[in-house]
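Q: Dropping a prediction and its sequence here:
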Amino acid sequence: MTGWRGECDFIDPMCGSGTLLVEAALIARNIWPGVFGRHYDFETWPDFDRELMEEIYNDDSDEREFQHHIYGYDINIHAVEASNINAKAASVTKEVT
């Protein structure tokens with residue numbers, strides 16, 4: 001909604017648990033939001049093709065390198081720790097400090 005697309009650094013001075021930091025990193029690298037840890041009911045169908053799903057799910061052909069950096073700050077050290085945990089869970093620690 002902000003119009004930011006990864007063309008410059010991103011700074012969140014009150015990062016809380018890091019939601020905006022992680023979303024910014026995903027936008028910058030062109031990774032679909034919500035891609036991590038999502039499961040769908042159709043995966044339990046008898047004719048579900050797991051190999052096809054993994055091929056589609058793991059297709060990173062549209063990902064791009066991010067030439068800038070994303071910075072998060074917070075006065076609350078617990079919030080900073082939560083941000084670090086969430087960035088690690090989203091595999092964006094290279095982009096987020």
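A: Good, I have the coordinates. The model shown is predicted, which means the values in this text are computed figures rather than measured ones.
Q: any weak-confidence spans in this protein?
A: Screening the chain residue by residue with the criterion pLDDT under 70, one finds the ranges 33-38, 57-63.
Q: What ranges does it have for its helices?
A: Here the chain has its helices, by DSSP state H, at 19-29, 50-57, 77-89.
Q: Residue 40: which of the ones you listed is closest?
A: Proximity of those to residue 40 was assessed by C-beta to C-beta; the nearest stretch is helix 50-57, lying at 8.6 Å. Where C-beta positions appear, they are placed from N, C-alpha and C, glycine not excepted.
Q: How far does the closest one sit from its chain's centre?
A: With C-alpha atoms, centre = their mean, to the nearest Å as the basis, helix 50-57 stands 20 Å off its chain's centre.
Q: Please apply the same query to stretch 2-14.
A: 14 Å.
Q: That one: which residues count as buried?
A: By neighbour count with 16 or more other C-beta atoms under 10 Å, stretch 2-14 contains the buried residues 6, 10, 12.
Q: Sort out which one of those residues lies nearest residue 26 for me.
A: Nearest to residue 26, judged by C-beta to C-beta, of these is residue 6 at 9.6 Å.
Q: Number of residues surrounding the closest residue to the closest one other than its chain neighbours?
A: The shortest distance from residue 6 to any residue other than its chain neighbours is 3.2 Å, reached at residue 28 (C-beta to C-beta, 6 or more residues apart in numbering). Taking other C-beta atoms under 10 Å as the neighbour definition, residue 28 ends up with a count of 25.
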